[in-house]
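Chemist: sequence unavailable; structure follows:
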């Protein structure tokens, strides 16, 4: 059952220059260190260059400048990491939900199901929702009413879409993700919180990935908007009316508070927090566990985190953090009196 | 199908003074900037006051002091933001689970189902659980045994309640939330963790909101307790035996460790962390990403986070954080020798 | 229906020395403060020693050195906290999924189901998966294809396992947990993210606990590996190809980025973040909300967090954090000129 492919076929698929025996057959892809003689490998990060010598891989995907160093066959092209990504697609062993609608699935009579749609066991599709051609809806997933899924979307098992969630094409959503839950809006009155019904929806572009247990809330008024090719890792929180520009990548456990706009091609590292009602321009890179509480208008990298220390050292330093302002003032005082001396 | 209502009816509903044509019909609510001539808007935050001039809204909900500035009809009352919240309820388009019990739902014979309960497709209700009148249980939700839901609770799709979880009235729980999972309790012995069965339950008051993918663990001995009108955003972690006072609001991604008690009318901002076995008095406000590791006895705002910087600047400063204690001592030394000089 | 047991039986079960009336019947376990005369209690933490005087407990589990102070019957042994853990198991009231396969469950014809397996309502078991003897699969849980569950695993309701996830024996997984979702791997090319199919799986040892809504991603190439007796709290993120050593405990909301290896018997406190491609040796203890961005080779405790302050004080200090480097340099300058003076 394992997929087998010749190096010549792979070279054709990738548009790579082949050096070596094109009839060699490979059945998998692996790291330089772990690859067997039946697998292909790749060198994308120059720091692994030394591993070329000892690799047992049948062939190595590599850039032209390093091709000389490959001891085996080589597939030569400009972006080996992209080629690796494309090769993983060939060897993907993900089981596909069986064709058709599982008899245990509950599909509303008014739902509009496209061609070649796969709907898993116990999935639920609500009234007036449209499931585009080629979509795959995992077991136990629930799609509420008035949703639209573009072509070739994949919802893994146990995904939840509330009503009025619109996905572009080729959107992939992992298990436990919740799209379109209520934003966190309440009006206080005499010590009591009164709920603000969240009347907006969610709009997601094409080629978007949403990680496991990630939440994207519906808008309060107007929509929460995720651009094209935005990639979201697991356990991310996207609050109501956030807007995220095309090509932005967000790592796990990050949180974006309400009504914040993030530009295109930004990267937000893990566990970072972005406060509400901010604007981050295109090309901003936020470091892990950084807290961003002011808008950013200049592209570049930002952080606010503190660095690790042994606990004993940390205890002494952390307590001084509370004295920083006093220290700064006393330093100024000393500088002044020194000036006076001079 | 769109709801339509006259300004006169709205004024009656809100108890507002109407200025303008009461027969005007509105079919929605929106911001001053986005509202069309068929929508009502509101001014709650004075910083949007300038937008009054250009709004196309049919009418504006506003406080008496600013009513003069409204170019259109006005609905005048003391708390426009609360009035806005009440208007959103009128225009809420959330689809309601159809009446009755969906044939695919699995309801235990010993479960006690109230009047006008709506149970969605593939939902599961365990033995001896009581579902109060008017409750709505979303598709795929699982309620284990010996749970009690007060009147008019809403569980969205794919919510999980473990056994012995008791909800008050009008509790709303969003998808992916897990109430009553085991607290994290283990006894170490010879390098091995031995599980402590979590024997308590969860008690939740009236008018509580629980966000998507939020977890509230059951107590180890005795219950985890959430007071009335507590509002919890998404992806919050509430550990075993935590107690949260009435009217407290917690934003997304915050975590409260075991056996901590949080007072009434506190606010905990996003990604904040509260250590275990602490007590926070009433009226404490914790800033985003703050770490609270000592009890708080004085109401007010607290933080511990650090501020954002460009990465280059951050690198220089962050490394100095490790030298803070040394800097403080050297500063004292200089001050002493200066004193000696004087 | 309540379980009742005599002190003599309890002493036998625990291997404890009994002092007092062995025929006394107890029906529960509680804290020294809350225990009734029908319950047993325990003293594990010396700081509760004063509560011995007033406890109404039928008996107290206690270490030999403090046994004299118990006013009631006593069960005497070396590790009272471990004994408490074992007693909670006796009184555990967790409802067990009914025996057999619920008629609404969807079990693939090629799935291999062991003896005494309990499968709840609407659960789904995929092709070629093996469910070991004595396993319990909660309602709504989805197990994809080619998974292996060792003996006596417990999946609570609404758990999701992707394909090629292998669990050891006695693994317990809480609701909302997602095991085996895609790792976050993408190759950039001309401003576009290209997905890297995640070809590895997940391997989990024996006696592991996985908390509610925790995610453990599948490997990109090769597996993500969780050792024996690893205990994971709620809402934890374990990225692709992470390896966690035996006996390590991780508290809620922590995140471990890709390809990081964590040693044996480590503890990672709540909301901590561990960057990718690091190695932490055995016996490392990471404090709450610490960010670990460098490998650790020396066992011990590490932190990076900052301490809480009233907001007013914080504002003054936090802004100085941006001036730290400048302060350090000015301090050096003063020291130099003082030297010059001397």
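Modeler: Thanks, I have the structure now. Treat the numbers as computed from the prediction; the structure is a model and nothing was measured.
Chemist: sketch out the low-pLDDT regions of the stretch 151-300 of chain A for me.
Modeler: Nowhere does the stretch 151-300 of chain A drop to pLDDT under 70.
Chemist: near chain C, which residues of it?
Modeler: Residues of the stretch 151-300 of chain A lying close to chain C by Cβ under 8 Å from any Cβ of the partner chain are A:156-158, A:172, A:174-176, A:207, A:209, A:211-213, A:229, A:231, A:233-235, A:247, A:249, A:251-253, A:265, A:270-271, A:288-289. C-beta coordinates here come from the backbone N, C-alpha and C atoms, glycine included.
Chemist: so what's residue A:3 closest to, chain neighbours aside?
Modeler: residue A:91 (5.9 Å; Cβ to Cβ, 6 or more residues apart in numbering or on different chains).
Chemist: could you do residue A:240 as well?
Modeler: Closest to residue A:240 by Cβ to Cβ, 6+ apart is residue A:183, at 2.5 Å.
Chemist: repeat for residue A:60
Modeler: Closest to residue A:60 by Cβ to Cβ, 6+ apart is residue A:70, at 4.7 Å.
Chemist: distance check, the one you found against residue C:282.
Modeler: 38 Å (Cβ to Cβ, to the nearest Å).
Chemist: thinking again about what came up before, against chain B, how distant is the residue nearest to residue A:3?
Modeler: 32 Å (Cβ to the nearest Cβ, to the nearest Å).
Chemist: same check on residue A:171?
Modeler: 18 Å.
Chemist: next: residue A:81.
Modeler: 24 Å.
Chemist: any idea which helix or strand comes after the helix or strand hosting that residue?
Modeler: Per DSSP states H and E: residue A:81 is located in helix A:80-90. The helix or strand immediately downstream of helix A:80-90 is strand A:100-101, counting by DSSP H and E.
Chemist: can you tell me the strand partners of the helix or strand just after that next one and which way each runs?
Modeler: Remark: after strand A:100-101, the chain's next helix or strand is strand A:106-107, criterion DSSP H and E. Using DSSP bridges, the strands paired with strand A:106-107 are strand A:124-125 (parallel).
Chemist: find the centremost residue of chain A, please.
Modeler: residue A:232 (2.7 Å; Cα atoms, centre = their mean).
Chemist: who's in contact with that residue?
Modeler: The contact partners of residue A:232, by Cβ atoms under 8 Å, 6 or more residues apart in numbering or on different chains, come to A:208, A:209, A:210, A:211, A:214, A:216, A:226, A:238, A:250.
Chemist: any idea how far residue C:202 is from it?
Modeler: Counting by Cβ to Cβ - residue A:232 and residue C:202 are separated by 21 Å.
Chemist: before we move on, what about residue A:257?
Modeler: 32 Å.
Chemist: is the helix holding residue A:81 anywhere near chain C?
Modeler: Yes - on the criterion Cβ under 8 Å from any Cβ, helix A:80-90 is in touch with chain C at A:81, A:82, A:84, A:85, A:86, A:88, A:89.
Chemist: the fourth one: how many residues sit nearby?
Modeler: Right, the one you point to is residue A:85. Residue A:85: 22 surrounding residues under other Cβ atoms under 10 Å in any protein chain shown.
Chemist: list the contacts for it?
Modeler: C:185, C:186, C:187, C:194, C:195, C:196, C:197.
Chemist: please apply the same query to the fifth one.
Modeler: Taking Cβ under 8 Å, 6+ apart as the criterion, residue A:86 is in contact with A:13, A:14, C:194.
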